[in-house]
Structure formats: C-alpha cells, structure tokens
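I would like the atomic coordinates for the input below:
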Amino acid sequence: MTRELDGIPGWFWPADQRLFDWFLSRDDRGDLLELGCYLGKSAVLIGRHLRAGERFTVCDLFESGSGSGSGEPEAGSYKELTRERFERNYLNHHAELPEIVHGPTSVILDHVEPGSCRFIHVDASHLYVHVRQDVDSARALLTADGVVVFDDIRSEHTPGVALAVWEAVSTLGLSPVCLTTQKLYATWAEPSRLREELLGWLKGQDDLWHTVDPLGDHQLVRVNQRKKAAQPPDLKRVTADLMKVTAELRAATREVSESRPVMRRAVGWARRLRRR
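Now for the predicted structure:
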C-alpha cells in the first residue's frame with residue numbers, strides 16, 4: 001500500500017498506514033468517516049476497507065479554508081488543497097468517490113447518523129475550539145466499540161490538538177490505545193481487549209517497533225517504524241573494485257617509469273640548446 005500512496009502528497013507515515021490497515025480490517029461493523037482529508041492520501045487507504053452496506057464520508061473545507069481568514073496559523077500551507085485535486089487522487093485508486101461534505105467539520109452531525117461509525121480519522125483544524133468540537137462529534141458518531149484516530153497529537157505547531165484530545169482522556173472517558181509519532185488511536189469502549197489484539201498482531205511485525213507504557217490508569221502502546229539495519233558490504237564486489245584500482249595504479253606507475261629516460265634525454269637536449 002505504501003508504494004501506491006507515494007504519489008499522493010501528504011503526511012501519512014508507513015507505521016500509521018500499517019496501523020490503519022489493521023484497525024480497519026477488524027471484524028467490527030459500521031461506517032467510516034474522515035474529518036479533514038487534505039489531498040486524499042489517508043482517504044484512499046480508508047476507502048480500501050469499505051464493506052458492502054457501509055458508507056464512507058469525508059468532510060473538508062477544501063479551497064474555501066486555505067486563506068488567512070480560516071484562523072489556522074499555517075493556512076497558507078494548504079493553498080494546493082482543492083476538492084478537484086482530492087477527487088482526482090481518490091478516483092485514481094477507486095471507482096467511486098466517498099460521500100463528500102464540503103464544509104466545516106462542525107456540520108458533520110447533520111450528515112452522519114449518531115452511533116454509526118466504526119472508524120473515524122480526525123485530521124482537520126488544529127485550533128483547540130475546533131478540535132474540542134471534533135472530539136464531541138466523534139464521541140457521538142462512533143459505535144460502541146468504534147475507534148477514533150487523532151492526527152498531529154505530538155506536533156509542536158498543534159498544541160490545540162494535544163490539549164483537546166488529552167482533555168478528553170482526562171474528563172470524557174476517552175481511552176488511549178496506541179500512539180505513533182503523529183497520531184493517537186483511542187476508543188470510548190473498554191480498551192483492554194483491543195489493546196491485547198493489537199499487541200498480538202505487533203509481535204509478528206518485524207518492521208514495527210513497539211512498547212507499552214503506563215499512562216495513569218491506562219496502558220499505552222507506542223509504535224514506530226523500525227529503522228532498517230545497514231546492509232553488510234558485498235565483499236566480493238569490494239575486493240574486485242580494489243583489484244581493479246590496484247591494476248590501474250600499477251599501469252600508471254609503469255607508464256611513468258618508462259617515460260623517465262625519454263624525459264631525461266629531452267631535458268639534456270634542452271640544456272645543450274641553451275648553451276649554444
């Protein structure tokens with residue numbers, strides 16, 4: 001999947017792609033929702049897991065939210081975000097578009113049924129007041145065992161996201177399950193079974209590093225992409241290269257040695273001509 005998504009701009013790292021696949025492949029039933037889609041990188045992956053009878057809804061301001069009036073400090077970074085580009089990227093991988101709500105995420109409760117979503121990805125505004133509203137919307141829209149994923153939970157330029165999400169953990173009963181470099185995976189259900197299933201899967205994933213940390217009354221699984229080990233040098237190739245260089249140096253040395261008598265004679269002739 002990573003290679004398929006490489007051509008779509010966006011910040012959706014391989015470890016999170018793997019985790020999305022796992023969470024979305026679970027046996028739960030329900031609809032899918034993404035609040036904030038940028039150019040479709042994560043939406044394309046989510047759409048791969050849409051099952052018969054389910055709905056996939058995407059909500060975004062698109063180009064209407066890219067100006068300085070949006071209130072986002074980095075709004076200018078999204079000038080290339082247009083609905084047309086999102087739709088083109090999505091249709092490069094899927095036959096049909098998801099249901100698109102072109103507007104602020106504050107209207108999502110008018111378009112999605114409460115208690116209908118098994119998976120929600122929140123990657124919209126970074127402002128506390130908006131994220132707090134997205135938290136409330138996710139709580140209302142999730143099924144009893146549904147999973148919500150919050151992006152930019154750890155970025156230095158998005159403290160409003162961190163405040164709103166950890167506040168939900170502290171005061172609204174949100175249970176954190178898994179944390180990556182960018183995202184928090186959480187649920188309002190009792191999390192122990194989900195956590196154990198995740199840990200069982202992670203044990204078989206050699207490319208993913210993980211650990212479990214206590215977090216107050218919670219146990220938080222931290223996951224990251226394991227760095228690839230440096231490949232040992234190809235000794236046969238290195239030896240062949242050294243032999244080639246050695247042979248070239250020997251040939252050059254012979255050429256210099258053979259040219260010395262000629263050079264000495266030329267110098268002698270030059271001296272005799274100067275004396276004349």
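
which secondary structure element contains I100?
Using DSSP states H and E, I100 falls within strand 99-102.

Stretch 25-34: end-to-end distance?
17 Å (CA to CA, to the nearest Å).

again with stretch 106-114
14 Å.

before we move on, back to that, the strand holding I100 packs against which elements?
strand 56-60, helix 83-91 (3 or more CB pairs under 8 Å, 6 or more residues apart in numbering; DSSP states H and E). The C-beta positions use only the backbone N, C-alpha and C, and glycine is treated the same way.

among the ones you listed, which is nearest E113?
Of all the helices and strands packed on strand 99-102, the one in closest proximity to E113, counting by CB to CB, is strand 56-60 (10.2 Å).

what does the closest one rub up against?
Contacts with strand 56-60, where a contact means CB atoms under 8 Å, 6 or more residues apart in numbering, come from 31-38, 43, 46-47, 50, 81, 83, 86, 98-105, 107-108, 111-112, 124.

can you give me the mean pLDDT across that strand?
Average pLDDT, strand 56-60: 98.

That one vs helix 83-91, what angle?
150 degrees (axes from the mean of the first three to the mean of the last three CA atoms, to 10 degrees).

what number of residues lie near the closest residue in space to T57 that isn't next to it in sequence?
Nearest non-adjacent residue to T57, counting by CB to CB, 6 or more residues apart in numbering: E99, 4.6 Å away. Other residues within reach of E99 by the criterion other CB atoms under 10 Å amount to 14.

now do C178
26.

That one - that's part of a helix, no?
No: C178 is assigned strand when assessed by DSSP: H, G, I helix; E, B strand; the rest coil, not a helix.

Could I get the full set of strands for the stretch 1-150 of the chain?
31-35, 56-60, 99-102, 117-122, 142-150 (DSSP state E, counting those that start in this stretch).

picking up where we left off before, among the contacts of strand 56-60, which ones are buried?
Among the contacts of strand 56-60, those buried by neighbour count (16 or more other CB atoms under 10 Å) are 31-38, 43, 46-47, 50, 81, 83, 86, 98, 100-101, 103-105, 108, 112, 124.

low-confidence ranges in the stretch 51-200 of the chain?
65-79 (pLDDT under 70).

residue ranges of the helices in it, please?
For the stretch 51-200 of the chain, the helices defined by DSSP state H, counting those that start in this stretch cover 83-91, 128-141, 159-171, 192-202.

Looking at these, which one is packed in the most?
The highest average neighbour count among the helices of the stretch 51-200 of the chain, using mean count of other CB atoms under 10 Å, belongs to helix 128-141 at a mean of 20.

For G146, give its distance to L235.
Using CB to CB, to the nearest Å, one gets 54 Å for the distance from G146 to L235.

Looking at the two, which one has more neighbours?
Between G146 and L235, counted using other CB under 10 Å, G146 has the larger neighbour count: 22 against 8.

Now that one. Nearest residue, chain neighbours left out?
R118 (4.9 Å).

Report how many residues lie close to the one you found.
23.

so who does it touch?
R118 touches D28, R29, G30, D31, L32, L142, T143, D145, G146, V147, counting by CB under 8 Å, 6+ apart.

same check, this time on H49
D21, L24, S25, L32, F119.

wait, what's in contact with the residue nearest to L91 when sequence neighbours are not counted?
Once flanking residues are discounted, L91 sits nearest to L97: 6.6 Å by CB to CB, 6+ apart. Contacts for L97 (CB under 8 Å, 6+ apart) come out as E87, Y90, L91.
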